[in-house]
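>>> show me the folded form of this:
(one chain, ligands or ions: 1)
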Amino acid sequence: MAHLTFFGGETLLNFPVLQDTIAYARRRAAEEGKEIDFSLTTNATLLRPDIIEFLAENQVGVTISIDGPRELQNRFRVFHNGAGSYDVVAPKIKELLRRHRSRPIGARVTLTSDTLDITRIYRHLTEEMGFWEVGFAPVTTSPQQQYAIGEHGFDRMLDQFRRLAGEFLDHAAVNKHHGFSNVKDTLEEIHKGVSKAYPCGAGLGLLGVSTDGDVALCHRFAGSDAHKLGTVYDGLDRHAQYGFLEQHHVADKTDCRTCWARPLCAGGCYHEAHVRYGETSRPNLHYCEWIRGWTDTCLRIYGELSERNPSFLERFDRDEAKADAVL
Ligand code: SF4
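Sure, this is the predicted structure:
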């Protein structure tokens, strides 16, 4: 199974290219006898009825980048003239959620020091807007930025994550859906016994392609010459890829080698390390406490669920079997 994800910038800036790419990839996948799956992330500002129709008809998975209720969304997600985007995107998102029912639509929230009201954001996006699930990620930026999340911010984040994770546990114990995707994703990794040599798939099974055809580590590095791993014309530069993987193995990250959270963290995001420390190979030591706290919470929830409702966890095996069946 191949996955093609469109990520920006803004993915809907050039809708004809999106349409052509999906048609081309479908044709090539059929020629190769492969299944292919599409998804995109958009800020929803350019959603139109014909685009929504296309996404629904082609079963394109959609994630909306949105930061919460009007006041929080309008803090950072603004147009060039400074106007907030909430009133523009909210009706478009509601229309998308009404029409596109073939796949669950999720929201992705970027957390900053100014927008850490996680519970409120979660309630708004699920209960008031109707998203199926919501995932939160701290902003990637230099520590000098006023909106960067500092130590206290991570503590506050962890408290609220724990509260939502507790709700998730109570729902999962009685087979009810809860949309806090951060906990679901970590439970799945724990269930599958994930032990990472690398923090994510960047440079392994995941690559980012920029508009000029350069292939880089992941979408965040697309367009960066220093992180280029080939082009769509000449293929992957295996030498550069292996060199990267050799330099970034968790066993070579001194601080991580003895850390108990290493199997799930493996040093954290390369892009964050690049922005913070100027090197992709550095572990993200500024958020270790947060990562360990969160991993501990998820391990406890996993343990409790395995007693209260093990069938909830078994669904991760079924999902895997389904994925294997289409390979
Ligand atoms: S929590 Fe810190 S020390 Fe542990 S694996 Fe992650 S970055 Fe490395």
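
>>> in the longest helix belonging to the chain, what counts as buried?
In the chain, assigned by DSSP state H, the helix with the most residues is helix 151-173. The neighbour-count check on helix 151-173 (16 or more other Cβ atoms under 10 Å) flags 153-154, 156-158, 160-162, 164-166, 168-169, 172 as buried. For glycine as for every other residue, the C-beta is placed from the backbone atoms N, C-alpha and C.

>>> so can I have CSV of those showing distance to the ligand?
Below are the buried residues of helix 151-173 laid out as CSV (distance: Cβ to the nearest ligand atom, whole Å):
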residue, distance to the ligand
Gly153, 17
Phe154, 12
Arg156, 19
Met157, 15
Leu158, 13
Gln160, 20
Phe161, 15
Arg162, 17
Leu164, 21
Ala165, 18
Gly166, 22
Phe168, 22
Leu169, 23
Ala172, 25
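
>>> strands of the stretch 101-250 of the chain, start to end?
Taking DSSP state E, counting those that start in this stretch as the criterion, the stretch 101-250 of the chain carries its strands at 106-111, 133-138, 208-209, 214-216, 228-231, 235-236.

>>> got the CA coordinates for the first one in CSV?
Extracted as CSV, the C-alpha positions of strand 106-111 are listed here (Å, rounded to 0.1, in the frame of the first residue of the first chain):
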residue,chain,number,x,y,z
GLY,A,106,-9.5,15.2,12.1
ALA,A,107,-8.2,18.5,13.4
ARG,A,108,-4.6,19.2,14.0
VAL,A,109,-3.9,21.9,16.6
THR,A,110,-0.6,23.7,16.9
LEU,A,111,0.0,24.7,20.6
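
>>> the ligand contacts on this structure?
By Cβ under 6 Å from any ligand atom, the part of the chain that sits against the ligand consists of 255-256, 259, 261-262, 265-268, 283-285, 288, 291-292.

>>> and those residues, which are buried?
Using 16+ other Cβ under 10 Å, the buried ones in these are 256, 259, 261-262, 265-268, 283-285, 288, 291-292.

>>> Lys184 and the ligand: what is the separation?
20 Å (Cβ to the nearest ligand atom, to the nearest Å).

>>> for that residue, give me its contacts.
Counting by Cβ atoms under 8 Å, 6 or more residues apart in numbering, Lys184 makes contact with Glu133, Phe168.

>>> please redo it, this time with the cut-off set to 10 Å
Each residue near Lys184 by Cβ atoms under 10 Å, 6 or more residues apart in numbering is listed here: Glu133, Gly135, Ala165, Phe168, Ala172, His177, His178, Cys298, Phe316.

>>> gap between the last one and the ligand?
Put plainly, it is Phe316. 23 Å.

>>> burial of that residue, as a residue count?
A count of nearby residues for Phe316, using other Cβ atoms under 10 Å, gives 16.

>>> helix or strand for it, which one?
Assigned by DSSP states H and E, Phe316 belongs to helix 310-326.

>>> helices of the protein, start to end?
For the chain, the helices defined by DSSP H occupy 15-32, 49-57, 70-76, 86-99, 118-123, 151-173, 181-191, 238-247, 254-257, 262-265, 270-277, 288-308, 310-326.

>>> which residues sit in contact with the residue of the stretch 1-150 of the chain found nearest the ligand?
Minimum separation of the stretch 1-150 of the chain from the ligand (Cβ to the nearest ligand atom) falls at Pro138, amounting to 13.7 Å. Contacts for Pro138 were tallied using Cβ under 10 Å, 6+ apart; they are 109-113, 116, 148-149, 153-154, 157, 269, 272, 287, 290.

>>> fine by me, thanks again.
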